[in-house]
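Colleague: Model the following, please.
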Amino acid sequence: MFKGQHTSGTVEGTGAALNVQLGFKPTRVTIFNEDGLCQLDWFNSMADNHGLKRITSGTLSKITSNGIATYDGTAAGDSAGFTIGADADVNVNGETLHYEAWAEE
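Modeller: The predicted model follows:
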């Protein structure tokens, strides 16, 4: 059984890097673009801004830029979470992005 933190939610794509505040730094993130039918997965064993991307055609590729990175938050009060990079298939302006994030204890 998983022990740790888990959350899910929805954000709107911006086409630019987008911080998602969770209150914790995740060890795994999955994003699904429901309009563009694209999925991006990131695990903490990967470098920041990397990910495994699957497009509706079934093509799986490793990306090494504009993927997912952890986000520490800011002194101004933004809480920790993750950043969705500006990948042109995943983070499209005006498209709906669903995410799930986990942090192991």
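
Colleague: now the strands for this structure?
Modeller: Using DSSP state E, the strands of the chain run over residues 4-12, 18-21, 28-33, 38-43, 50-55, 60-71, 81-84, 96-104.

Colleague: quick one: low-confidence parts of the chain?
Modeller: Along the chain, the parts satisfying pLDDT under 70 run over 1-2.

Colleague: I figured Arg54 was touching Leu37, is that so?
Modeller: No. The pair formed by Arg54 and Leu37 falls short of the contact definition of Cβ atoms under 8 Å, at 9.4 Å. (Each C-beta comes from the backbone N, C-alpha and C, glycine too.)

Colleague: Of those two, which one has the most company?
Modeller: For Arg54 versus Leu37, neighbours defined as other Cβ atoms under 10 Å are more numerous around Arg54 (16 against 13).

Colleague: Contact partners for the more buried one?
Modeller: Counting by Cβ atoms under 8 Å, 6 or more residues apart in numbering, Arg54 makes contact with 38-40, 60.

Colleague: bridging residues for it?
Modeller: Arg54 forms beta bridges with Gln39, Leu60, as assigned by DSSP bridges.

Colleague: Please report how far it lies from Asn33.
Modeller: According to Cβ to Cβ, to the nearest Å, Arg54 and Asn33 sit 11 Å apart.

Colleague: what touches both of the two?
Modeller: Gln39.

Colleague: how far away is Trp42 from Thr64?
Modeller: Taken as Cβ to Cβ, the span from Trp42 to Thr64 is 12 Å.

Colleague: Check the contact lists of these two and give me the overlap.
Modeller: Common neighbours of Trp42 and Thr64 (criterion: Cβ under 8 Å, 6+ apart): His50.
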